[in-house]
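Asker: would you be able to build a 3D model of this:
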Amino acid sequence: MNLQWLRLVVFAVVVSQLIAVAAFAQNLSPGRALNDAWFDPETPGQGFFIMASEEVGLVFIGWMTFPMADEIPFEQQRWLTLRGGIDGPVANLTINLTTDGTFDDPAPVNRVAVGSAVLTFSDCNHGHLEYSFDNGRSGVINIERIVFVEEQFCAALAEPQQLPLEADADQTVAITHVNVLPMTDQADLLLDQTIIVTGGSIESVGPATDLDIPAGAVVLDGRGRYVMPGMVDTHTHLATNVREFLGPAAIASVIESSATDQLILYLARGVTTILNNGDFGEALPRWSNETESGLKVGPTIYSAQYARGNSTTPDGGPANRAVTDAFQARQFTRSARNSGYDMIKIYNWSPREAVLAILDEARLLEMPVIGHFPQTLSTQEVVTNGLSMVAHGGAFIYTMIPDRNINRIPEAVALARDNDLAVTATLGIEEIIAQVWGGNTSGIAEYRGREENRFMHPTTRALNERGINGSRWNPPGASPGGYDVSRDFVREMTRQMQANGVMVLMGTDSPTVLGVPGFSAHHELLALQNAGLSNREVLRIATRNGGEYLSTRLNIQQPFGVVSNGAKADLIMLDANPLDDLAATQSILGVMTAGHWRSTDWFTPMLEAIAETNGN
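Answerer: Have a look, this model is predicted:
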């Protein structure tokens, strides 16, 4: 092999290792499209080997050339190296000269900066290098690829196009040249992919160079952007805020408008599926049908009907949700199934025989039971009798480990794992309760100042203020910091559950506990991160875990919560990579649910109308 080309290969290996560990945060649009051999046809024996990394926003160039006339003369070729950041088709570079090395020898070398350069690409196969050396030498070199490639290979050289406002589910959509977080076992991040969506499903996903765009497809330009599955919130209370605050005086039209607004909020912030955890008589099955048919804008809705203690117990609630004996419990469960509910949610104070009857009847109906750990029987008894999901990580405190002894967490982990109990952590509400607990002035002020609160329904705001100022979160004897031990216990328990194979789910308890639908999901992600989970783990909990849980327990055939062939097309497009920074989940450019695409700009006037309606 020619010695110079051997040097080229060695250089490429070294450069690729350097790129892998570089820590530049700047996004690189052209990416791998530039990685090739380039030269100036007018200067034989000279050229450039370019390596650019989309992940780190960095470009390295090996410049094969000859000495300048005013240098010590010799006839052999010389290598210069160039390094710098790249933004779109322009790279700003430092020119380095390396000397004093010895062939195939580890002796130290001397590397010094000798100039600067700007490399600009005019199209897929052409560009020019403007150089300036410290000795005063400057000029421009026109370069081209040694072997030309098709223009489509370099589509990423241009700025991404504006996204369309909307594409209906009956249209074919192609998301091109996008970086994909599939949430499968395939890889954490797939670069430069194209996703074809037809009929509400992902028809295919693969390298952009391998997939053809169907004729007539709506194209979403994904260059420099990221797609992840839509999020699954497994603990919501859609519009219960109205009846919970107003009681029998609640007006149906107010409940309906509150639900309509909250569904929009969930979807606008990337939540494409919700599991409603109990109701006070709201029209959950109807709303589910309306979002599926497109009459309402919102996520897919699955719902659990409340089973509570009677009005004399702390459960309270409407009489038609009170379950007080075994016979009634079986009737209640069958009625819920016939009314279109997917699950039953048990609360705190139904009698033991009623709870066991619900669990048994639901098993016969293949209907999951979720909820709290009732105070009327042991945690072990309700779990071993078939509870499918506990709606709060904090539930273990109230019935199993009231002293919050961290050393007993392995008992809770084993109970959940051995009985296939999923755990919706609701860590975000643990954090915000700890923040406002005991009249904490600064914490309350921060909560009240959250920008998303302007989308909060007046009845939700009133409920939250009642809790902040009353016995719910400011009970007698409470003081700031007094709830921290509970928050920290649930954090550690969630971490151990995740580490030991328990299915952890993402749920927010919104809008009834200090949260705004949709926005609260992003607080929950950060709360899970605060518990010590990696970004990858958090994202999987928020997407794939929720999809797997609901698909398995409800016998749903089409997978969701993943980006893979055949999966439901519930997707979020982002402007940054949440594997690098979890806050990037908030950089939403648009949301797709069951193949129906809506950009962030599409949602904007609807969100402003919600804020205005709510008096904000």
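Asker: test my guess that residue 144 contacts residue 42.
Answerer: No. The pair residue 144 / residue 42 is not scored as a contact, 10.7 Å apart, by CB atoms under 8 Å. Every C-beta, even on glycine, is put in place using the N, C-alpha and C of the backbone.
Asker: those two - which one has more neighbours?
Answerer: Set residue 144 next to residue 42 and count neighbours by other CB atoms under 10 Å: residue 144 wins out with 17 against 8.
Asker: specify the beta-bridge partners of the more buried one.
Answerer: Note on residue 144: beta-bridge partners by DSSP bridges are residue 39, residue 126.
Asker: which residues are in contact with it?
Answerer: 38, 39, 40, 41, 125, 126, 127 (CB atoms under 8 Å, 6 or more residues apart in numbering).
Asker: turn those into CSV, including pLDDT, neighbour count and distance to residue 346.
Answerer: As requested, these are exported to CSV (pLDDT from 0 to 100; neighbours: other CB atoms under 10 Å; distance: CB to CB, whole Å):
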residue, pLDDT, neighbour count, distance to residue 346
38, 90, 22, 67
39, 90, 18, 73
40, 88, 16, 75
41, 86, 10, 77
125, 84, 19, 66
126, 86, 14, 68
127, 86, 23, 66
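Asker: out of the residues you listed, which comes closest to residue 511?
Answerer: residue 127 (53.3 Å; CB to CB).
Asker: now do the contacts for that closest one.
Answerer: Listed by CB under 8 Å, 6+ apart, the contact partners of residue 127 are 38, 89, 119, 120, 121, 142, 143, 144.
Asker: let's see if you can find the most crowded of those residues.
Answerer: Neighbour-wise, these (other CB under 10 Å) top out at residue 119, 25 neighbours.
Asker: am I right that that residue is in a strand?
Answerer: Yes. Membership of residue 119 in a strand is supported by DSSP: H, G, I helix; E, B strand; the rest coil.
Asker: residue contacts, it?
Answerer: Contacts of residue 119 (CB under 8 Å, 6+ apart): 59, 61, 82, 90, 91, 93, 127, 128, 129, 130.
Asker: helix, strand, or coil at the last one?
Answerer: In this case it means residue 130. What three-state DSSP gives for residue 130 is strand.
Asker: next, count neighbours for it.
Answerer: Residue 130 has 14 nearby residues by other CB under 10 Å.
Asker: tell me where the model's unsure across this protein.
Answerer: When residues are selected by pLDDT under 70, those of the chain lie in 1-33, 54-57, 69-77, 88, 150-159, 317, 616.
Asker: what ranges do the strands span in the stretch 251-400 of the chain?
Answerer: 271-277, 300-307, 343-346, 369-371, 389-390 (DSSP state E, counting those that start in this stretch).
Asker: now those strands as CSV including distance to residue 539 and mean neighbour count?
Answerer: Listed next are those as CSV, based on distance: least, CB to CB, whole Å; neighbours: other CB atoms under 10 Å:
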stretch, distance to residue 539, mean neighbour count
strand 271-277, 14, 29
strand 300-307, 19, 25
strand 343-346, 25, 27
strand 369-371, 23, 26
strand 389-390, 20, 26
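Asker: which of these sits closest to residue 335?
Answerer: Set against residue 335 and scored by CB to CB, the strands of the stretch 251-400 of the chain come closest in strand 300-307, at 8.4 Å.
Asker: run me through the strand neighbours of the closest one, direction for each.
Answerer: As defined by DSSP bridges, the strand partners of strand 300-307 come to strand 271-277 (parallel), strand 343-346 (parallel).
Asker: which stretch among the ones you listed comes nearest residue 437?
Answerer: Closest to residue 437 of the strands paired with strand 300-307, according to CB to CB: strand 271-277, at 23.0 Å.
Asker: now the closest one: how far from the chain's centre is it?
Answerer: 15 Å (CA atoms, centre = their mean, to the nearest Å).
Asker: repeat for stretch 287-305
Answerer: For stretch 287-305, the distance to the chain centre is 21 Å (CA atoms, centre = their mean).
Asker: across the sheet, point out what pairs with residue 132.
Answerer: residue 116, residue 138.
Asker: quick check: it touching residue 116?
Answerer: Yes. If you go by CB under 8 Å, residue 132 and residue 116 touch, sitting 5.5 Å apart.
Asker: what about these two, which has more around it?
Answerer: Neighbour count, other CB under 10 Å: between residue 132 and residue 116, residue 116 has more, with 17 against 14.
Asker: from residue 279, how far out is residue 239?
Answerer: Noted for residue 239: a distance of 8 Å to residue 279, by CB to CB, to the nearest Å.
Asker: kindly report the same for residue 53.
Answerer: Distance, residue 53 to residue 279, by CB to CB: 51 Å.
Asker: what do you get for residue 111?
Answerer: With distances taken as CB to CB, residue 111 is found 68 Å from residue 279.
Asker: ditto for residue 97
Answerer: When distance is defined by CB to CB, residue 97 is 72 Å away from residue 279.
Asker: residue 332 now?
Answerer: Taken as CB to CB, the span from residue 332 to residue 279 is 13 Å.
Asker: next one: residue 579
Answerer: Taking CB to CB, one finds residue 579 at 36 Å from residue 279.
Asker: give me the more crowded residue out of those two.
Answerer: residue 279 (22 against 19).
Asker: need the phi and psi values for residue 141.
Answerer: The phi/psi pair for residue 141 (degrees, to the nearest 10) reads phi -120, psi 120.
Asker: report the contact partners of it.
Answerer: By CB under 8 Å, 6+ apart, the neighbours of residue 141 are 40, 43, 128, 129, 131.
Asker: could you verify my assumption that the first one touches residue 143?
Answerer: Yes. Under the criterion of CB under 8 Å, residue 40 is in contact with residue 143, at a separation of 5.5 Å.
Asker: mutual contacts of the two, please.
Answerer: Shared contacts of residue 40 and residue 143, defined by CB under 8 Å, 6+ apart, are found at residue 47.
Asker: and stretch 196-208, how far out from the chain's middle?
Answerer: The answer for stretch 196-208 is 20 Å, by CA atoms, centre = their mean.
Asker: try stretch 283-291
Answerer: With CA atoms, centre = their mean, you get 25 Å for stretch 283-291.
Asker: give me the contacts around that stretch.
Answerer: Outside stretch 283-291, the residues that touch it by CB under 8 Å, 6+ apart are 238, 256, 259, 263, 276, 296-303, 305, 339-341.
Asker: mind redoing it with 7 Å?
Answerer: Here stretch 283-291 makes contact (CB atoms under 7 Å, 6 or more residues apart in numbering) with 238, 259, 263, 276, 296, 298-301, 303, 339-341.
Asker: what of stretch 481-491?
Answerer: Residues outside stretch 481-491 that contact it (CB under 7 Å, 6+ apart) are 393-394, 397, 404, 406, 425, 427, 430-431, 433-434, 437-438, 530-531.
Asker: buried sites along that stretch?
Answerer: Neighbour counts over stretch 481-491 (16 or more other CB atoms under 10 Å) mark 483, 486, 487, 489, 490, 491 as buried.
Asker: check which helix or strand the third one maps to.
Answerer: The secondary structure element spanning residue 487 is helix 484-499 (assigned by DSSP states H and E).
Asker: can you name the next helix or strand after that helix?
Answerer: Downstream of helix 484-499 (by DSSP H and E), the next one is strand 504-505.
Asker: next one: that following strand to chain centre, how far?
Answerer: On the basis of CA atoms, centre = their mean, strand 504-505 sits 14 Å off its chain's mean C-alpha point.
Asker: past that strand, which element shows up next along the chain?
Answerer: helix 519-530.
Asker: related to what we said a few turns ago, in JSON lines: the strands of the stretch 251-400 of the chain, plus distance to residue 551.
Answerer: JSON lines is the format used below for the strands of the stretch 251-400 of the chain (distance: least, CB to CB, whole Å):
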{"stretch": "strand 271-277", "distance to residue 551": "10"}
{"stretch": "strand 300-307", "distance to residue 551": "11"}
{"stretch": "strand 343-346", "distance to residue 551": "14"}
{"stretch": "strand 369-371", "distance to residue 551": "15"}
{"stretch": "strand 389-390", "distance to residue 551": "14"}
